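**Q** Here is a sequence with its predicted model. Questions after.
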Amino acid sequence: SITIDPEHDNSTVLKEHASILGATSANWHFLTGDKKYIYDLANKGFNLYAGENSKVNGGFEHSGLFALIDKNGDIRCRKDEYGNPILYYDGLEKKGVRDMQQDIAILLKE
């Protein structure tokens, strides 16, 4: 997980957030860094929207979609009934979260 608010989310804040979420896996990392690099990675690397917006609560917005990245840095995905890749998981829908949890379990075995 990568913060989109690196000016606030230092390592202490991220550790607390991980604890609240119950993220205990050694393979789940909470990252921060340079804001421009993070936004470029989200928007250009993962093709997932993240940005600042002073008109929304908290001042930041993002898509709600998740990309599952394997240990080689590749986006892992499922395929639809026609064999087309479904690159992202919808983190706002129960099915998307369930699918991502199942695929994380597969990745942890690799």
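**A** Now that the structure is in, tell me what you want to look at.
**Q** What about the closest residue to Ser1 other than its chain neighbours, how many residues nearby?
**A** In space, not counting the residues next to it along the chain, Ser1 is nearest to Phe30; the distance is 5.1 Å by CB to CB, 6 or more residues apart in numbering. Yep, even glycine has a C-beta here, placed from its N, CA and C like the rest. Other residues lying near Phe30 total 17 when counted by other CB atoms under 10 Å.
**Q** Could you number the chain from 600 rather than 1 from now on?
**A** Done: numbering now begins at 600, and the last item shifts to Phe629.
**Q** contacting residues around Phe629?
**A** By CB atoms under 8 Å, 6 or more residues apart in numbering, the contact set of Phe629 is Ser600, Ile601, Thr602, Leu613, Lys614, His616, Ala617, Ala622.
**Q** That one and Ala622, how far apart?
**A** From Phe629 over to Ala622 the distance is 7 Å, taken as CB to CB, to the nearest Å.
**Q** overlap in contacts of the two?
**A** Common neighbours of Phe629 and Ala622 are listed as Ser600 (criterion: CB under 8 Å, 6+ apart).
**Q** about what we covered before: so what does the residue nearest to Ser600 look like in phi/psi?
**A** With angles defined as degrees, to the nearest 10, Phe629 sits at phi -110, psi 110.
**Q** so where do the helices sit in the chain?
**A** Using DSSP state H, the helices of the chain run over residues 610-620, 634-639, 693-708.
**Q** Tabulate the ones you listed in a markdown table, adding columns for distance to Asn656 and mean neighbour count.
**A** Listed next are the helices of the chain as a markdown table, based on distance: least, CB to CB, whole Å; neighbours: other CB atoms under 10 Å:
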| stretch | distance to Asn656 | mean neighbour count |
| --- | --- | --- |
| helix 610-620 | 17 | 12 |
| helix 634-639 | 19 | 14 |
| helix 693-708 | 22 | 12 |
